[in-house]
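[1] Structure of the sequence below:
(chains A and B)
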Protein chains: 2
Amino acid sequence: MSRFLPEDATPEEISRQADLYGPFTQAIRDLVDAGLRTLVDGDDVRTAQAEIEAVTARLRKEQIDGGFGVRYTPEGKGRAWGNAVMGLRNAIAPPLTITIDADGRAVSDFHLGAAYEGPPGLVHGGMISMVLDQMLGQAAGAGGRPGMTGTLTIVYRQGTPLGDLRAEAWIDRSEGIKTWAKGHLIGPDGVTAEAEGIFVLPRWARQLLVARDEQPPEFFE
Amino acid sequence: MSRFLPEDATPEEISRQADLYGPFTQAIRDLVDAGLRTLVDGDDVRTAQAEIEAVTARLRKEQIDGGFGVRYTPEGKGRAWGNAVMGLRNAIAPPLTITIDADGRAVSDFHLGAAYEGPPGLVHGGMISMVLDQMLGQAAGAGGRPGMTGTLTIVYRQGTPLGDLRAEAWIDRSEGIKTWAKGHLIGPDGVTAEAEGIFVLPRWARQLLVARDEQPPEFFE
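    Have a look, this model is predicted:
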């Protein structure tokens, strides 16, 4: 719980970091895809492995202890660059760029390639739940109702082919510290999965916010 | 739907491939982690990026078109090496190794590091749903009731710290083509999340199996 890190980075510095780490992380994403799909011969695979290990060793000479966490600027703006779904610095993240439209709905257009496969040719059902969890959480946060997922239900309507997809989420209703959010995933043949989630701001987070006399952060998860 | 690939690989050849691609993919997983956590300076990041891009270009000289799919040996044994949760060749996968115990329960001990973060220091709620989706699906398949996820509900009991975790899943009941599976995730302080899922063998998969006069595969998803 110790990684709500305040920082004094200026907007220019954050922008500079995004320009550095964005393309770097994308290169790792491409390697994940290439590593999964390559058919080059065994010696070439072993050579690639040795080179990757050498790069990793150099990158590890100086590194964060543990996860990236969420960094907060003096303005209270959060940067969840380590987030497994949205993180600019996380090669596991597709990553999703989520915008909030005029009606307060969270919307994201994204691409899921070979690395997100479950059944042959289809997105892994668990990846669908992961994307929708993030989308619902963002919709709740954007509506001033941030929280951690309390309950998440996904109904799978049809297989979701790998490729270009769209997700949408919105707040259904709120009651006390609970917010109900809904959303869906859209593939080339329409809605493939529907989600409903209950988001709750946990006690430790509420206390932290009270102690800091702050509003709940926009990007909590 | 075209990637249920039969293949004539011998057990020896499959074992040789596992020995080649297992460590190779692990090297990419380590790079994902190092890329997220590194604090080396900008020039070192740019140098690493160029080297990674060069490795990727060489790996792409010959590659699978699309996802890895699921390969079947003549014995009907499936290899889901591309699977986003279990895949030996998928650097996004932790990967989970799932065993079936004497009571037919699916069990897995695994480690989730910085790349799986959601809230600071905690596993992303969506990653929890992804792991449990796979676990419940494996439990259903191991009980002779394979299928795709129809509905998945996750109840989050407490935050799940990054680190060593255990997941367990089992079949609750079956009815026609539907199977209800349950499971949970266990962290250092006990159960952190509970799951229930309904798994359904879709029409196209049933037809494929009938056409091939085969039993449902053990590893469907």
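[2] Excluding sequence neighbours, find me the nearest residue to the residue most central in space within chain A.
    By CA atoms, centre = their mean, chain A has its centre lying nearest to residue A:85, at 2.0 Å. The shortest distance from residue A:85 to any non-neighbouring residue, by CB to CB, 6 or more residues apart in numbering or on different chains, is to residue A:134 (4.0 Å). All C-beta spots, glycine's among them, are computed from the backbone N, C-alpha and C.
[3] Next, count neighbours for residue A:61.
    Residue A:61: 11 surrounding residues under other CB atoms under 10 Å in any protein chain shown.
[4] for residue A:80, same thing?
    Residue A:80, neighbours per other CB under 10 Å, totals 28.
[5] And residue A:62, by the same measure?
    Neighbours of residue A:62 under the rule other CB under 10 Å: 12.
[6] so what's the nearest residue to it once chain neighbours are set aside up against?
    Using CB to CB, 6+ apart and skipping the chain neighbours, the partner closest in space to residue A:62 is residue B:39 (4.2 Å). Contact partners of residue B:39, counting by CB atoms under 8 Å, 6 or more residues apart in numbering or on different chains, are A:62, A:63, A:64.
[7] Can you report how many residues lie near the second one?
    This points to residue A:63. Neighbours of residue A:63 (other CB under 10 Å): 16.
[8] Apart from its chain neighbours, what residue comes closest to it?
    Leaving aside its sequence neighbours, residue A:63 sits nearest to residue B:37 (CB to CB, 6+ apart; 4.2 Å).
[9] and the one you found, what pLDDT?
    With respect to pLDDT, residue B:37 scores 97.
[10] How about residue A:203?
    Here the pLDDT value assigned to residue A:203 is 73.
[11] For residue B:157, see how far away it is.
    Distance from residue A:203 to residue B:157, counting by CB to CB, to the nearest Å: 14 Å.
[12] The two: which is more packed in?
    Neighbour totals were compared for residue A:203 and residue B:157, and residue B:157 leads with 15 against 9 (other CB under 10 Å).
[13] surely that one meets residue B:187?
    No - the criterion here is CB atoms under 8 Å, and residue B:157 misses it with residue B:187 at 9.7 Å.
[14] Stretch A:189-198 near chain B at all?
    No - counting by CB under 8 Å from any CB of the partner chain, no contacts exist between stretch A:189-198 and chain B, the nearest distance being 8.8 Å.
[15] quick one: buried residues of that stretch?
    By 16 or more other CB atoms under 10 Å in any protein chain shown, the buried positions in stretch A:189-198 come out as A:192, A:193, A:194, A:195, A:196, A:197, A:198.
[16] Narrow those residues to those in strands?
    A:192, A:193, A:194, A:195, A:196, A:197, A:198 (DSSP state E).
[17] what sits opposite the third one in the beta ladder?
    Right, residue A:194. Assessed by DSSP bridges, residue A:194 has beta-bridge partners residue A:155, residue A:184.
[18] How about the contacts made by it?
    Applying CB under 8 Å, 6+ apart, we find residue A:194 in contact with A:154, A:155, A:157, A:182, A:183, A:184.
[19] which residues does the fourth one contact?
    With contacts taken as CB under 8 Å, 6+ apart, residue A:182 has the following neighbours: A:136, A:169, A:170, A:172, A:194, A:195, A:196, A:197.
[20] and it, that's in a strand?
    Yes - counting by DSSP: H, G, I helix; E, B strand; the rest coil, residue A:182 is found in a strand.
[21] That one and residue B:26: what is the separation?
    39 Å.
[22] the strands in chain A, which residues?
    Taking DSSP E as the test, the strands found in chain A are A:4-6, A:70-72, A:78-79, A:99-100, A:106-112, A:148-156, A:163-175, A:178-187, A:190-200.
[23] Any idea which of the ones you listed gets closest to residue B:21?
    Nearest to residue B:21 among these is strand A:106-112 (21.7 Å), distances taken as CB to CB.
[24] ok, and for the longest helix along chain A, which residues are buried?
    As assigned by DSSP state H, the longest helix anywhere in chain A is helix A:11-37. Neighbour-count burial for helix A:11-37 flags A:14, A:17, A:20-21, A:24-37 (criterion: 16+ other CB under 10 Å).
[25] what stretches of chain A score poorly on pLDDT?
    In the predicted model of chain A, residues A:1-7, A:73-77, A:204-205, A:208-209, A:212-221 satisfy pLDDT under 70.
[26] ok, 80 please
    In the predicted model of chain A, residues A:1-9, A:71-78, A:145-146, A:202-221 satisfy pLDDT under 80.
[27] quick one: furthest residue from the center of it?
    Distance from the C-alpha centroid of chain A peaks at residue A:43, with 35.3 Å (CA atoms, centre = their mean).
[28] and the residue nearest to residue A:101 when sequence neighbours are not counted, what does it touch?
    Spatial nearest neighbour of residue A:101, excluding adjacent residues (CB to CB, 6+ apart): residue A:107 at 5.5 Å. Contact partners of residue A:107, counting by CB under 8 Å, 6+ apart, are A:98, A:99, A:100, A:101, A:166, A:167, A:168.
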